[in-house]
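*Asks:* got a structure for you, letters missing:
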């Protein structure tokens, strides 16, 4: 859809959320989501959507200072917006943009962490619950809905939380067939969503914003969702081939006459081999000890402080593994086999040992990771 929008901008509303800083502390800091949210807000404004119809909720990470007014992004505020305020609005089209940290809980629901989340109290919005609410008679308007979500979908159990996430469903009404929901999710089940801390943007968000800007004439009405997803998929696949990201964006369209779920791997086929970096990371994370921050640090410390002090580190196991492997491959490839020795000294499972050895050989033969800035995950 590239022609002029047939939608009256005065009948369009949006909830735009970008969370960069959390009460959990600096370790959760994520430069990018607030900036991406403001860019999306500006696209809608350029399309004629009234400023009062765009609910902008941010938690920016200093020194970034948004140039537009915004509301807080805490759990109570966002829940009240989703449960009370937005459903009362009169409109035809609803855009929801959310960027920040997320996790796939044990029931398979995607949780979107709010700014007041802490390690002890991981406050967040249950996306699947919100979608169910907005597909029924609890929300009488907004026949067309587009939900754009750039967060990680890492499995909850892989993050070794001390306590499981508590249920936090939104109230729902009676189900119906009056709404058309299109949901684009950045990461894919069990995967991380890449974030570029140097440019302060999410990989998925940056691609999506550029594509929407190319289709600005069609905004603020709903774009051709399948065409847009094809364009997103193509650009993500280039980055996957380069080993920059392993995410697999997904689109779900739930319309009155059909429900369709599309993933990149469903169109590419399943025979494309994983990158050497992904294989090495997966082989390392196959060891249960890697999920325990204390055990993981003990293993990496065996490399020596003169080595480990030069490497970027992260609290999340997958991001930490990527950082250590790429750092060693660039600067101390000889130490990769010391890492192998340290891991198997703790866990000498023969199958895991064989795969880790093969993966490291593959990784080294490939020449290590491509160049470019390190990327954090959401």
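*Replies:* Yep, it's here. None of the values given here were measured: they were computed from a predicted structure. Numbers count the residues shown, from 1 in each chain.
*Asks:* any low-confidence regions in this protein?
*Replies:* Low-confidence segments of the chain, defined by pLDDT under 70: 1-5, 243, 257-258, 263-274, 366-377.
*Asks:* how about a cut-off of 50?
*Replies:* Per-residue confidence for the chain (pLDDT under 50) gives these ranges: 1-2, 266-272, 367-375.
*Asks:* ok, which stretches of it are strands?
*Replies:* Per DSSP state E, the chain has strands spanning 12-19, 54-59, 93-99, 102-104, 110-113, 124-126, 144-150, 180-185, 194-196, 201-202, 250-255, 258-262, 376-377. These are given in chain order.
*Asks:* in JSON lines, list the ones you listed along with distance to residue 36.
*Replies:* Every residue, glycine included, has its C-beta placed from N, CA and C. Conversion of the strands of the chain to JSON lines gives the following (distance: least, CB to CB, whole Å):
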{"stretch": "strand 12-19", "distance to residue 36": "6"}
{"stretch": "strand 54-59", "distance to residue 36": "10"}
{"stretch": "strand 93-99", "distance to residue 36": "5"}
{"stretch": "strand 102-104", "distance to residue 36": "14"}
{"stretch": "strand 110-113", "distance to residue 36": "14"}
{"stretch": "strand 124-126", "distance to residue 36": "18"}
{"stretch": "strand 144-150", "distance to residue 36": "7"}
{"stretch": "strand 180-185", "distance to residue 36": "14"}
{"stretch": "strand 194-196", "distance to residue 36": "10"}
{"stretch": "strand 201-202", "distance to residue 36": "6"}
{"stretch": "strand 250-255", "distance to residue 36": "19"}
{"stretch": "strand 258-262", "distance to residue 36": "23"}
{"stretch": "strand 376-377", "distance to residue 36": "14"}
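*Asks:* out of those strands, which comes closest to residue 298?
*Replies:* When the strands of the chain are ranked by distance to residue 298, counting by CB to CB, first place goes to strand 376-377 at 23.1 Å.
*Asks:* for residue 315, which of the strands of the chain is the nearest?
*Replies:* Nearest to residue 315 among these is strand 376-377 (10.7 Å), distances taken as CB to CB.
*Asks:* could you pull up the contacting residues of the spatially most central residue of the chain?
*Replies:* When the chain is reduced to its mean C-alpha position, the nearest residue by CA atoms, centre = their mean turns out to be residue 151, at 2.1 Å. Taking CB atoms under 8 Å, 6 or more residues apart in numbering as the contact definition, residue 151 lies against 98, 99, 100, 101, 102, 110, 112, 113, 186, 187, 193, 378.
*Asks:* okay then, goodbye and thanks.
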